[in-house]
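K.L.:
Predicted model and sequence below, questions to follow.
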Amino acid sequence: MKKRWLVNIILLVTVVVLGLLVFYTLEQNKPVELPKLTNLDKVETIHIERLDKEPITLLKNGGSWQITAPFDLPANKFQTENLLQILSLRDYKKIASSDLAEFKLDTPLATIKFNQLTVAFGDSSPLNHQRYVQIGNNVYLMRDTWYYYLTGDALAFASLSLLGNAPKITELEMPNYHLKLQDTKWVLDSKLPSKEIDISTDALSALVDNWQHASAYDVKPYDGTTTSKEQIKVTLLGQPQPLNFVILSKSPDLVLARPEKNIQYQLSGTQIDELLQLPIKAAKNTDLTDTTDKE
């Protein structure tokens, strides 16, 4: 009995020792988390410089970002937040070298200035998909996610929303319809017979709502070749001047231009009905009663 008790004690001690050994080994092999690349957490301005291309400037306005150069447009929220991720990056390697020319950082290929903090981009590493970056006096090697994005078309930073951030429409003027908000109610003036279209409160509100949430799949420079006379004017709350759109195409895709901004929005053809017309009234069913000759 005493011998069995002693064996149990030895087994228990062995299990505890092995458990501690495994825990210690895992802790020793656990990768050490690097500190954030920077301590900057509040950014109000972003300025991007690229070789042989126009600079890009983004300004934070309240809770949203606005592009102020090379054009004046709401910024793409996703793209802007993607840039800000650089500041809190933990996946990097610090390089022990002071020869900036070796990494093409003596004349950076691109730079991002977050407030007053400059992040410079140099050459790519020949062995992996990483790039040399300089912040202050330090050089780092990090994944090559941002460089090609920085050196692309400036319009990639533009919002895909037709009307900007959280728009509130007060007036919508299109080729066939003119809607105006009066005392929280939409008033319609239409060139089409009311008997043919749905002019209910729900239908009018749905059309306006479609415009307030309208989003393109691409933004391109305006080609300036249109002769279209079909225009759309959208007046937003707090903005005395309307946004002016020109309908460039309805097939196969809907293309809307803002000539004064020198851009055009590419939208799916499925959005034509949602944005350019009210629902057509369904034809009324007529009950037909079969009659037979009576003998």
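P.N.:
Arrived safely, thanks for sending.
K.L.:
Please, where are all the strands along the stretch 51-200 of the chain?
P.N.:
For the stretch 51-200 of the chain, the strands defined by DSSP state E, counting those that start in this stretch occupy 53-61, 64-69, 73-74, 92-95, 110-114, 117-124, 130-135, 138-143, 169-173, 177-182, 185-190.
K.L.:
by contact count, what packs against the longest one?
P.N.:
Put plainly, it is strand 53-61. Contacts defined by 3 or more CB pairs under 8 Å, 6 or more residues apart in numbering; DSSP states H and E place strand 53-61 against strand 45-50, strand 64-69. Yep, even glycine has a C-beta here, placed from its N, CA and C like the rest.
K.L.:
would you turn those strands into CSV with mean neighbour count and distance to Met142?
P.N.:
Converted to CSV, the helices and strands packed on strand 53-61 look like this (neighbours: other CB atoms under 10 Å; distance: least, CB to CB, whole Å):
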stretch, mean neighbour count, distance to Met142
strand 45-50, 18, 17
strand 64-69, 18, 23
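K.L.:
I'd like the ones you listed laid out as CSV, including mean pLDDT.
P.N.:
As requested, these are exported to CSV (pLDDT from 0 to 100):
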stretch, mean pLDDT
strand 45-50, 96
strand 64-69, 94
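K.L.:
Any chance of those strands in JSON lines with distance to Ala156 as columns?
P.N.:
Output for those, formatted as JSON lines (distance: least, CB to CB, whole Å):
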{"stretch": "strand 45-50", "distance to Ala156": "11"}
{"stretch": "strand 64-69", "distance to Ala156": "11"}
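K.L.:
Phe157 is nearest to which of those strands?
P.N.:
Closest approach to Phe157 among the helices and strands packed on strand 53-61 (CB to CB): strand 64-69, 5.8 Å.
K.L.:
So what touches that closest one?
P.N.:
Contacts with strand 64-69, where a contact means CB atoms under 8 Å, 6 or more residues apart in numbering, come from 46, 54-60, 72-75, 77, 80, 154, 157-158, 165-166.
K.L.:
same thing but 10 Å
P.N.:
Strand 64-69 is touched from outside by 43-48, 54-61, 72-77, 79-81, 83-84, 154-155, 157-159, 164-166, with contacts defined as CB atoms under 10 Å, 6 or more residues apart in numbering.
K.L.:
Among these, name the buried ones.
P.N.:
When the contacts of strand 64-69 are checked for burial by 16 or more other CB atoms under 10 Å, the buried set is 43, 46-48, 56-58, 73-76, 79-80, 83, 154-155, 157-159.
K.L.:
Surely Lys191 is in contact with Glu173?
P.N.:
No - the pair Lys191 / Glu173 is not scored as a contact, 11.6 Å apart, by CB atoms under 10 Å.
K.L.:
Have a look at the two and say which one is more surrounded.
P.N.:
Glu173 (16 against 9; other CB atoms under 10 Å).
K.L.:
how near is the more buried one to Leu276?
P.N.:
12 Å (CB to CB, to the nearest Å).
K.L.:
Please enumerate the shared neighbours of those two.
P.N.:
Ile232.
K.L.:
neighbours around the residue nearest to Val187 when sequence neighbours are not counted, how many?
P.N.:
Among residues not flanking Val187 along the chain, Lys180 sits closest, at 5.2 Å (CB to CB, 6 or more residues apart in numbering). Per other CB under 10 Å, the neighbour tally for Lys180 reads 15.
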